[in-house]
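> Starting from these lines, generate the structure:
(chains A, B and C)
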Amino acid sequence: MSDTPSHAPVKSIMPSWVRGPQDFIGGVAMIAIALFALWASSDLQGMRGFSFGAGTAPRMFAFLLLGLGIAVMVVGLVTEGAHLAKYHWRGPLFVSLAILSFALMIRPMGLVVTAFAAFLIAAMGTAETKWKETIIVGMCLTAFCSLLFPYALGLPLQMWPKFMIQ
Amino acid sequence: MGDLFSNLGLGFGVVFQLVQWTPAFLHGVSIPIPVNILLCLIGALVGTLVGVLPGIGTIATVAMLLPITFGLPPVGALIMLAGIYYGAQYGGSTTSILVNIPGEAGSVVTALDGFQMAKQGRAGPALAIAAIGSFFAGCVATVLIAVLGAPLTKLALAFGPAEYFSLMVLGLIFAVVLAKGSVLKAIAMIVFGLLLSMVGSDIETGASRMAFNIPELADGLGFATVAMGLFGFAEIIRNLDAGGESDRELVQQKVTGLMPTKKDLIDSAPAIVRGTVLGSILGILPGGGAVIASFAAYTMEKKLSKNPSRFGRGAIEGVAAPESANNAAAQTSFIPLLTLGIPPNAVMALMVGAMTIHGIVPGPQVMQKQPELVWGMIASMWVGNLMLLIINLPLVGIWVRLLRVPYRLMFPSIVIFCAIGIYSVNNAPVDVVLAGAFGLVGYWLIKHDFEPAPLLLGMVLGPLMEENLRRALLISRGDWSVFLTRPLSAVLMGIAAFLLVLAILPSLRKKRDEVFVESES
Amino acid sequence: MKLYGRLLAGGCLAIVAGLVAVAAPAQAQTYPTRSITMIVPFAAGGPTDVIARIVTGHMAQTLGQTIIIENVVGAGGTTATTRASRATNDGYTLITGHMGTHAASVPLYPNLAYHPEKSFEPVGLLAGTPILILARKDFAPKDLKEFIAYVKANETKVNAAHAGIGSVSNVSCELLNSVLGIKPVGVPFNGTGPAMNALVGGQVDYMCDQIVNAVPQVNGGAIKAYAIATPERNPSLPDLPTTTEAGLPAFQAQAWNAIFAPKGTPAPIVARLNEAVSKALDDENVKKRLLELGSVIPGPKDRTPEALAALVKSEIAKWTPVLKPAG
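Take a look at the predicted model:
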């Protein structure tokens, strides 16, 4: 899964004393997650005598992650490492949009409309998309899903938009 | 031994039972129908389908199909449900290998080398070896249940909270070993996974933890949600990056033979045997045993291999071992259910439900009171595994052909399948949004060379680890030495410590060489 | 102006009231015209689910419409109950609640989004499931008297297992402990299966659980039972004394399952549903299957919506003092 990422390293925006920006930023992010978890679990009860409280384990793991994050960051500082990989916006944006619209539409609009719409939005994620072909495949896929999930698997999915049923 | 044969005879008798069907239009002519065989086949087919579809889990399917089985005779109903369960284990490897989406915790490891094999045009052999390994494991485990079911039950009972905690520690060490890159980052990912698993309600007090009053988070993050995000969506987003195109073309052009070569078979044979043994033993342990089995089998192969660096880059043993292990574990996890009447996992709990609905109360005496049910089920497992092999081998060709679908059409379809799958688990749109968010997290992780597999294992094992740690300490009244004074637990801790040293030593030694490895690939 | 407004308002009210009066019986006569959704707040195959399926199976015949069971799990059943409390009150969404969701949840979850009495119309009681006091098979005490003396003397040493906060085993064990005046260490498990496994394996000392789960283990000699917390003995375990016989009359506990409709569901619909429940409970086949599970079938006077309302009230009153300090 994790092939060495980055094809062409971006011009480094990192100061020169950061020798492994990829690890450095990775470590910083882990530290941030750990701090966030510490904050989020701060309202939970700690140890009660010999028995763990609700917050004991989360805080334990958060401190552990904090330590590991610092270690990864330090490794990024002192050893020569990979540069930051290049990010692209098109794929992430449209795939996220497709997922988001699926989530928003599935309840009010039903499976048929939602699946087709989300398919088209996701397809915008790449410049290679040929629209005629995409629309045909999208329709076939929608039809396939509408038969497979509710009928073959018996999932309680609503098929059509709410306003059409009532 | 004679008992065994008469029992198995009884079992096969049940499986091959013919029911005379006398439809009116045939005017009194009756047709014998092997009802149980047909139910087994339906179960295996549905299971394969469920396993192949990302997101739709075994638990959800068995729960959904439970009502359908009410109209069937009890033996037939259970044979069908069992078929779905192990059918899903077969099917689960398919998406792991083809599109890097593990449908179940057990197939996370399969994705590591399976997907790499697919990228090298060897999806066929990977799928085939998964089916062959699963079949072998299924056969061995079935015999094991028949011969040693009762004595092995003692193992399940000997495992108290302290032993489970030590087993979970061992499981997490496996996750470190299976990582290909930096050990430090792998451990960070495990801890991140553990932290994510803390979201939800606390087992002892019921307090809501880090759920921010979102009702959908009250019971924690679902495995399907996180797995689909980190593996499925993240992989898609990464593939859409410019430059990924050449990578994908490669997959489509390079498809070489569908079946494993002689060398593949020779390479994987010992891995299959070892995976089967490990899986059979770990599967008996209720709760988590089956999940750890696949990780343990992978780790063992990697450690035993003369050339461990091949792992994670398309080693066929890396597919054969975990697939055999998780199928063996799926079979032996029936042991506590059949001998004690205690369900070791959620799917088995549903089986208990199915039995109670049919008026069979599972318990220690179920083997004596309902021998035709127990032995019928055991025999059906063997028959089911054979059917699955027959179903799955020809399917390999179809799956591989699917890879030729242009990616511009393939990825929106995967997005839709994943979204429907995740939504169907709880009928919760929030789950779909969360999976999308984890997709972006996964994309970021890939860009920073963090591996998602250890994270997922941490997330699956986290609650088990915490709960058992707390139980053990409650029972010992806060005395941490229980983990070393209880012999079984001490042995597990010892193995864990040994493996950790093995994992860390080479990475310390090889620090200097690493630079070369990086520039090579 | 004021008078005019009042007249108008009064007129409107009268029209609305008239409409309701006309519509309600019409609704009840035709109800149900489509399939009914029954929310079960626990996993398929669990004790509540099994009881709900057995009874609704027969109700569907009486009502002439299918009843679709929807299992919604989470947060001790309160997720599903919250959803049911917000459903349209037209009689097409119902819930099979139990002791936990419609009584013990009140003290256990301070931020509960519904109230068992205020958010629901009681429809009818389905069945009661007796609670047993169970122990690992090599636990020293031989009978309930010895058990009481032993746990009182070894309060700090004994471990009581339960199937998670809010579960029947947790709630009923809290009651037992408060009756005995002890506070042993409670070891939480994730569901009845793992808790039973630990008891059979001898990892913990005792627990309270529903008869359904315990009968095969007790009969198989894997664990032992001290008493059943109901006024009468149960045919599934005829030799097991009641708590009253064994000397602990204060410990009476029974898990119960009942059907509820969202608040404001028209009374005629509730009556029609109640009638269907009662008819199902009188059916020989339903009766037989419920008895096989060790359930206690309510008598005619316990089957009315009023009786269920009273039960919910008394159960909330019973559990609140027991669970408040613990939660």
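> Now the element after the host helix or strand of C:T79, going C-ward?
Element membership of C:T79, judged by DSSP states H and E, is helix C:78-85. Scanning forward in sequence from helix C:78-85 by DSSP H and E, the next helix or strand is strand C:93-98.
> now the strands for the stretch 51-200 of chain C?
In the stretch 51-200 of chain C, the strands defined using DSSP state E, counting those that start in this stretch lie at C:67-71, C:93-98, C:120-136, C:159-162, C:185-188.
> Could you point out which of those strands sits nearest C:I259?
Each of the strands of the stretch 51-200 of chain C has some distance to C:I259 by C-beta to C-beta; the shortest is strand C:120-136, at 4.1 Å. The C-beta positions use only the backbone N, C-alpha and C, and glycine is treated the same way.
> angle of that closest one against strand C:93-98?
30 degrees (axes from the mean of the first three to the mean of the last three C-alpha atoms, to 10 degrees).
> In chain A, which residue sits nearest chain C?
Taking C-beta to the nearest C-beta, chain C has its nearest neighbour within chain A at A:P156, 6.8 Å off.
> Could you check how far that residue is from chain B?
Distance, A:P156 to chain B, by C-beta to the nearest C-beta, to the nearest Å: 7 Å.
> Tell me where the model's unsure across chain A.
Across chain A, residues meeting the criterion (pLDDT under 70) sit at A:1-14, A:154, A:165-166.
> Please see if stretch C:149-167 touches chain A.
No - using C-beta under 8 Å from any C-beta of the partner chain, stretch C:149-167 never reaches chain A; the gap is at least 10.7 Å.
> residues of that stretch that come out buried?
C:Y150, C:V151, C:V158, C:N159, C:A160, C:A161, C:H162, C:A163, C:G164, C:I165, C:G166, C:S167 (16 or more other C-beta atoms under 10 Å in any protein chain shown).
> if I read this right, the residue of chain A closest to chain C contacts C:E70, doesn't it?
Yes - counting by C-beta atoms under 8 Å, C:E70 is a contact partner of A:P156 at 6.8 Å.
> which one of those two has more residues nearby?
Neighbours per residue, other C-beta atoms under 10 Å in any protein chain shown: of A:P156 and C:E70, the larger number sits with C:E70, 17 against 12.
> In contact with that one, which residues are there?
Contact analysis of C:E70 by C-beta atoms under 8 Å, 6 or more residues apart in numbering or on different chains lists A:P156, C:T37, C:M38, C:I39, C:V40.
> so the third one bridges to which residues?
With beta bridges defined as DSSP bridges, C:M38 has these partners: C:I69, C:L94.
> residue contacts, it?
Contacts for C:M38 (C-beta under 8 Å, 6+ apart) come out as C:A52, C:T56, C:I67, C:I68, C:I69, C:E70, C:L94, C:I95, C:T96, C:I259.
> Need the residues that contact the secondary structure element (helix or strand) that B:G13 belongs to.
Assigned by DSSP H and E, B:G13 belongs to helix B:2-15. Contacts with helix B:2-15, where a contact means C-beta under 8 Å, 6+ apart, come from B:36-37, B:40, B:75, B:79, B:146-147, B:371-372, B:374-380, B:383.
> end to end, how far does stretch B:277-295 reach?
13 Å (C-alpha to C-alpha, to the nearest Å).
> ugh, wrong one, stretch B:328-348
This stretch, stretch B:328-348, spans 15 Å end to end (C-alpha to C-alpha).
> longest helix of chain A?
helix A:90-123 (DSSP state H).
> counting contacts, what elements does that one pack onto?
helix A:131-147, helix A:162-165, helix B:234-240, helix B:407-426, helix B:429-447 (3 or more C-beta pairs under 8 Å, 6 or more residues apart in numbering or on different chains; DSSP states H and E).
> Dump those to a markdown table, plus distance to A:F63.
What follows is those, written out as a markdown table (distance: least, C-beta to C-beta, whole Å):
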| stretch | distance to A:F63 |
| --- | --- |
| helix A:131-147 | 45 |
| helix A:162-165 | 48 |
| helix B:234-240 | 27 |
| helix B:407-426 | 32 |
| helix B:429-447 | 21 |
